[in-house]
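Colleague: when you get a sec, could you give me coordinates for this:
(2 chains)
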Amino acid sequence: MEVILLTTLLVWAGAGIRKLRKQGLWKDMIVYACLWATSTTIITLHRFNIPVPNPLDGIAYVYQPLSYLWKQWFS
Amino acid sequence: MELNEKVTLRQFNLLMILFIIGTSILLSPASLANYAGNDAWLSAILSVGIGMIIVIFFWMISRQFPGSNLVDVSEQVLGKWIGKAVSLMFVGFSLLSASTVLWVIGNFLVTQIMPATPMLFLHFLLMLAVVYGVLLGIEVICRTVEIFFPYIVTLLMIIFFFSIPSVQIDRIRPWLDSGFKPVLEGALFDVSVSMLPLIVLFMVYPKLVTDKNRALPKVLTSYLIAGTFIIAITFITTTVLGVKITANQAYPTYVVAKSLNIEGLIQRAEVVIAVSWILTIFFKLSLYFYASVTVLAQTLNLKTYRTITVPMGMLTIALSVIVYPSTTYANEWNETTWLWFALTFGIAYPLLLSLIAMLRGVKGRSHP
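Modeller: Residues are numbered from 1 along each chain as shown, chains lettered A, B, ... in the order given. Okay, the predicted model is just below:
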């Protein structure tokens, strides 16, 4: 099932890239390809239970001092 | 990239109401009861009061930069490259918010209605509708809001009115027994969930809205309508279920609808809540997603945002499966980090833009 889904997504992405290349929209094509590559990579890694870094962990790390302050203030 | 779509102020106001009550209608009572206990309803009233100040603040920013959206303002005020960098960070904010909202609706469906369905499949189905809506444009989304708004309000009113016989005021007494601090804490958290994300509406207002005459009173009225819904549902859930049960439930409004029984005639009305919630969430998700796609396309000077809509939808789905590994993680992240994350983009970002613009003498340019 996963293989069928992934193939469909890749074919769809390939068709989109071809269309944008024909129109000469190179920047759009690069952004389009990068977004497809990122999303399919994340989904594939997730399906194979390979850990993917969670962006929310990074955000939580950045705001950690403020979170402690908040906890202290309202404790 | 040109955004040639036009939205009327009425459509914008309806969109704003549904955006505010989007996730709050089902989730706010639990968090407010958890923070403020018996005073959850007071906390909701306070959050609406704070929210009104934020609405006025947003209106002042929009008056300072008429005819510009958030990306235009960032580049005008901060310069081309810093403006673009900040806009890309805003893409991260709206994209992650969209992913978390998608996870919330997927989690609700899997835990309450369709336990045997894979969450990823539900995310695909929901995003399909959202991506299609965004591909058609904000005009179409706003017209859809106009069509669905009466249905959503009617469905919610049904729950409100039929819950009134079960209301017991004693369940929320005594008032203010723990002081004012928990009330303030709950109110601030509620503001961060329902009010601060409204910053994404800067991709629609003022640039795309046609008639801006007497906008502030109309927008404030819309905000009050949305706030009244949140106050009402918080009051009803805490007085019907009690504070402890409300705080321990993930979706207390859904439980209230489940427990409805009017003389054996009207029972099991929870699907009514589920339908109205899915509709409001659809609009909230669409707006987050629209903001992330248009900000990215405008920042990178793409020809149209429509080319990247489908892969951005895929990225939202991909992020939605990894952002919250569990409900416990989601609750903890929301309690400790979400407020600051939302404050950064909802208050600090527009405030800094406004102050820097005043210091540098930058005035908003009108865009065609």
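Colleague: please make it C-alpha for all contacts and neighbour counts, starting now.
Modeller: Fine.
Colleague: gap between stretch B:235-248 and the chain center?
Modeller: 22 Å (C-alpha atoms, centre = their mean, to the nearest Å).
Colleague: show the average pLDDT along that stretch.
Modeller: Stretch B:235-248 carries an average pLDDT of 94.
Colleague: which parts of that stretch are buried?
Modeller: Neighbour-count burial for stretch B:235-248 flags B:235-243, B:245-247 (criterion: 16 or more other C-alpha atoms under 10 Å in any protein chain shown).
Colleague: between the two ends of that stretch, what distance do you get?
Modeller: Stretch B:235-248 has an end-to-end distance of 16 Å (criterion: C-alpha to C-alpha, to the nearest Å).
Colleague: now swap in stretch B:201-220 and tell me
Modeller: Criterion C-alpha to C-alpha; first-to-last residue distance in stretch B:201-220 is 15 Å.
Colleague: for the residue of chain A found nearest chain B, which non-adjacent residue is closest in space?
Modeller: Of all residues in chain A, residue A:39 sits closest to chain B, at 4.5 Å by C-alpha to the nearest C-alpha. On the basis of C-alpha to C-alpha, 6 or more residues apart in numbering or on different chains, the spatially nearest residue to residue A:39 that is not a chain neighbour turns out to be residue B:315, at 4.5 Å.
Colleague: pull the number of nearby residues for the residue of chain A closest to chain B.
Modeller: 19 (other C-alpha atoms under 10 Å in any protein chain shown).
Colleague: residue B:45 too?
Modeller: Residue B:45, neighbours per other C-alpha under 10 Å, totals 20.
Colleague: same deal with the one 10 residues further on?
Modeller: Residue B:55 has 19 neighbours, counted by other C-alpha under 10 Å.
Colleague: repeat that for residue A:25.
Modeller: If we define neighbours as other C-alpha under 10 Å, then residue A:25 has 14 of them.
Colleague: that one: what's it in contact with?
Modeller: residue B:303 (C-alpha atoms under 8 Å, 6 or more residues apart in numbering or on different chains).
Colleague: whether stretch B:298-312 contacts chain A - can you check?
Modeller: Yes - looking at stretch B:298-312 against chain A by C-alpha under 8 Å from any C-alpha of the partner chain, the contacts come from B:302-303, B:307-308, B:311-312.
Colleague: turn those into CSV, columns for secondary structure and pLDDT.
Modeller: Shown next, in CSV, are these (DSSP: H, G, I helix; E, B strand; the rest coil; pLDDT from 0 to 100):
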residue, secondary structure, pLDDT
B:302, coil, 94
B:303, coil, 91
B:307, helix, 93
B:308, helix, 95
B:311, helix, 95
B:312, helix, 97
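Colleague: any chance of a markdown table for those residues, columns distance to residue B:118 and neighbour count?
Modeller: What follows is the residues of stretch B:298-312 next to chain A, written out as a markdown table (distance: C-alpha to C-alpha, whole Å; neighbours: other C-alpha atoms under 10 Å in any protein chain shown):
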| residue | distance to residue B:118 | neighbour count |
| --- | --- | --- |
| B:302 | 35 | 21 |
| B:303 | 36 | 14 |
| B:307 | 29 | 20 |
| B:308 | 26 | 23 |
| B:311 | 21 | 26 |
| B:312 | 21 | 24 |
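Colleague: one step back: where does the residue of chain A closest to chain B fall, secondary structure wise?
Modeller: helix A:26-47 (DSSP states H and E).
Colleague: give the buried residues for that helix.
Modeller: Residues of helix A:26-47 classed as buried by neighbour count (16+ other C-alpha under 10 Å): A:28-29, A:31-33, A:35-37, A:39-40, A:42-43.
Colleague: same check, this time on stretch B:211-218
Modeller: With the criterion 16+ other C-alpha under 10 Å, stretch B:211-218 contains no buried residue.
Colleague: quick one: mean pLDDT for that stretch?
Modeller: 87.
Colleague: just how off-centre is it within its chain?
Modeller: Distance, centroid of stretch B:211-218 to centroid of chain: 21 Å (C-alpha atoms, centre = their mean).
Colleague: ends of it, how far apart?
Modeller: 12 Å.
Colleague: can you tell me the SS state at the closest residue to chain A within chain B?
Modeller: Residue nearest to chain A within chain B: residue B:315 (4.5 Å; C-alpha to the nearest C-alpha). Under DSSP: H, G, I helix; E, B strand; the rest coil, the three-state class of residue B:315 is helix.
Colleague: name the helices or strands packed onto the helix or strand hosting residue B:189?
Modeller: Residue B:189 belongs to helix B:181-194 when assigned by DSSP H and E. Judged by 3 or more C-alpha pairs under 8 Å, 6 or more residues apart in numbering or on different chains; DSSP states H and E, the packing partners of helix B:181-194 are helix A:64-74, helix B:9-36, helix B:40-64, helix B:339-343.
Colleague: return the most buried member of those helices.
Modeller: Counting by mean count of other C-alpha atoms under 10 Å in any protein chain shown, helix B:9-36 has the highest mean neighbour count of these, with a mean of 24.
Colleague: helices or strands up against that one?
Modeller: helix B:40-64, helix B:138-163, helix B:181-194, helix B:215-241, helix B:243-248, helix B:252-259, helix B:270-299.
Colleague: CA atoms only for the third one - export them in CSV, please.
Modeller: These are the backbone C-alpha positions of helix B:181-194, laid out as CSV (Å, rounded to 0.1, in the frame of the first residue of the first chain):
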residue,chain,number,x,y,z
LYS,B,181,-3.8,34.4,39.5
PRO,B,182,-5.3,31.2,38.0
VAL,B,183,-8.0,33.2,36.2
LEU,B,184,-5.3,35.4,34.6
GLU,B,185,-3.2,32.3,33.7
GLY,B,186,-6.2,30.6,32.0
ALA,B,187,-7.2,33.8,30.2
LEU,B,188,-3.6,34.4,28.8
PHE,B,189,-3.5,30.8,27.6
ASP,B,190,-6.9,31.1,26.0
VAL,B,191,-5.8,34.4,24.3
SER,B,192,-2.8,32.6,22.9
VAL,B,193,-5.0,29.9,21.4
SER,B,194,-7.9,31.9,20.1
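Colleague: tell me where the model's unsure across chain A.
Modeller: Along chain A, segments meeting pLDDT under 70 span A:75.
Colleague: how about the residues of it near chain B?
Modeller: Near chain B, when you scan chain A using C-alpha under 8 Å from any C-alpha, you find A:25, A:27-28, A:31-32, A:35-36, A:38-40, A:42-43, A:46, A:52, A:54-56, A:59-60, A:63-64, A:66-67, A:70, A:74.
Colleague: which SS class is residue A:52?
Modeller: Using three-state DSSP, the structure places residue A:52 in coil.
Colleague: please consider this matter closed, and thank you.
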